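Colleague: Provided below are the primary sequence and the corresponding predicted coordinates.
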Amino acid sequence: MAILPIRRAGDPVLREKARRVRTIDSSIHKLIEDMWETMYDAPGVGLAAPQIGVSLRVVVIEVPDHERVALINPEIVKRSGERHVDEGCLSVPGFRGEIIRSVKVLAKGIDPKTGKEIRIRAENDLMAEALEHEIDHVNGILYIDYLPTPDALMPLRDAPEVGS
Ligand code: NI
């Protein structure tokens, strides 16, 4: 396992549409271990493989009130509603911004432990936000893309950083 450097906005790997994982082999298990370790070290509540420079569709999330989850080839199945959230990202350190996310999110992906598809439902919480945020990452999207203007990006002052 290894703690890897987190790529920052401006790095082209964060703007690629990441490739689908075809086989869950030992390299994928190692990638996920490195992602957990890097996420905990940051610390953050989620991480997508492109953030450590690997352009594959793999995400990990750990937030309160939900079991931690790693998803391979994750997708949003359904989403509804709108709410304002104050969001941050480990790839945009030191900043936050208010954007609109969904209220209800249903996502699916392959569980690396079983190789089977799992579905995750979340509503009006950090899991709902993180699912959209991390799945955006594997599509080359950053939350700052949703800001109405570049100066809507706010510096983090005393508030603890919650990034993913
Ligand atoms: Ni992020």
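Modeller: Nice, I can see it. Just so it is clear, the model here is predicted, and its values are computed rather than measured.

Colleague: since we're on the residue lying closest to Val103 once chain neighbours are set aside, how many residues are nearby?
Modeller: If the residues on either side of it in the chain are set aside, Val103 comes closest to Gly81, at 2.8 Å by Cβ to Cβ, 6 or more residues apart in numbering. (C-beta placed from N, C-alpha, C; glycine too.) Gly81 has 13 neighbours, counted by other Cβ atoms under 10 Å.

Colleague: list the contacts for Gly81?
Modeller: Residues in contact with Gly81 (Cβ atoms under 8 Å, 6 or more residues apart in numbering) are 102-104.

Colleague: list the buried residues of stretch 84-91.
Modeller: With burial defined by 16 or more other Cβ atoms under 10 Å, the residues of stretch 84-91 counted as buried are 85, 87-91.

Colleague: figure out how far that stretch is from the centre of its chain.
Modeller: 10 Å (Cα atoms, centre = their mean, to the nearest Å).

Colleague: interface residues of this structure facing the ion?
Modeller: 89, 164 (Cβ under 5 Å from the ion).

Colleague: so the residue nearest the centre of the chain, which state does it fall into?
Modeller: Nearest residue to the geometric centre of the chain (Cα atoms, centre = their mean): Glu134, 2.2 Å. State at Glu134, reduced to three classes by DSSP: H, G, I helix; E, B strand; the rest coil: helix.

Colleague: so what pLDDT did the residue nearest to Val103 get?
Modeller: Looking at Gly81, its pLDDT stands at 98.

Colleague: roughly how far does it sit from Ser102?
Modeller: 6 Å (Cβ to Cβ, to the nearest Å).

Colleague: what's next to the lowest-mean-pLDDT helix or strand in the chain, contact-wise?
Modeller: When each helix and strand of the chain is scored by mean pLDDT, DSSP states H and E, strand 154-155 comes last, with a mean of 90. For strand 154-155, contacts defined as Cβ under 8 Å, 6+ apart pick out 94-98.

Colleague: tell me the buried residues within those.
Modeller: 95-97.

Colleague: from those, pick the one nearest Asn139.
Modeller: For the buried ones among the contacts of strand 154-155, the closest approach to Asn139 (Cβ to Cβ) belongs to Gly97, at 18.6 Å.
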